[in-house]
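**Q** quick check, what structure comes out for this input:
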Amino acid sequence: MLEIITNRDQIKSAQQVFSGAIETLSNQSFRVALGFQRGYLDETVNWIADLNLWARFGPIREGKSPGNRYWNVFGIGHPSGNTNIDCEINPPLNGRNRRTGGVYLLDSDGNYFVGHRGNFNANGRIPYDFVFSNFNIEKVSVQDGRPEALVLLIGQLNAPSFPKALQTFVLEAMRVKNLAREDRKNANT
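**A** Here you go, the predicted structure:
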């Protein structure tokens, strides 16, 4: 069974592997205004043309909601000007934080994985049941300090298939967020 990593040094190591695995594929970087629900920040993002994906990795920035987490954000399509965030995978810097979306996982062989707790917003928080019943990627039970937690498994870091798995996750997050928006819209009519 996979276990959620809570040790600061292991999380930092996994973060470096995650960012390195994607940033090495980057063709260019662009300065953009990254838009999120409460504003925007001027940021540099890495463009991975082969995946039609851009990425930004690092600690949370001042001006964004505070927290003990990394701010790893992604989008589909060429970044320029005002660029909206399509998906965030934000693991804590240390310990457990069940409010953040991202988690690093470890298997019994010492392999790192990236997962997501299913915390998504689309004009408000999307219920977990909706996320887990509509997301078309593997869901796994993991050790989380309590008996178990359900996590969306993005993929194994260092696996050749990981960049494509990340792209699939971002596309799936966009699809589920759009479904949630449509569901809310239909419920209000």
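**Q** pick out the residue closest to the middle of this protein.
**A** The chain has residue 89 as the residue nearest its centroid, 2.0 Å off, counting by CA atoms, centre = their mean.
**Q** quick check on the residue lying closest to residue 7 once chain neighbours are set aside: phi, psi?
**A** Nearest residue to residue 7, sequence neighbours excluded (CB to CB, 6 or more residues apart in numbering): residue 94, at 7.8 Å. Bear in mind the C-beta positions are built from the backbone N, C-alpha and C, glycine included. Note on residue 94: its backbone torsions stand at phi -160, psi 140 [degrees, to the nearest 10].
**Q** number of nearby residues for residue 94?
**A** 15 (other CB atoms under 10 Å).
**Q** residue 45 too?
**A** Residue 45 is flanked by 24 other residues according to other CB under 10 Å.
**Q** which helix or strand contains it?
**A** Taking DSSP states H and E as the definition, one finds residue 45 inside strand 39-48.
**Q** what of residue 20?
**A** Going by DSSP H and E, residue 20 is part of helix 8-23.
**Q** could you tell me the angle between that helix and strand 39-48?
**A** 60 degrees (axes from the mean of the first three to the mean of the last three CA atoms, to 10 degrees).
**Q** as CSV, could you dump the C-alpha coordinates of helix 8-23?
**A** Extracted in CSV, the C-alpha atoms of helix 8-23 (Å, rounded to 0.1, in the frame of the first residue of the first chain):
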residue,chain,number,x,y,z
ARG,A,8,9.9,17.6,5.3
ASP,A,9,13.1,16.3,3.7
GLN,A,10,11.3,13.5,1.8
ILE,A,11,8.6,16.0,0.6
LYS,A,12,11.3,18.4,-0.6
SER,A,13,13.1,15.6,-2.4
ALA,A,14,9.8,14.5,-4.1
GLN,A,15,9.1,18.1,-5.1
GLN,A,16,12.5,18.4,-6.7
VAL,A,17,12.0,15.1,-8.7
PHE,A,18,8.5,16.3,-9.7
SER,A,19,9.6,19.7,-10.9
GLY,A,20,12.7,18.3,-12.5
ALA,A,21,10.8,15.6,-14.4
ILE,A,22,8.6,18.3,-16.1
GLU,A,23,10.9,21.3,-16.3
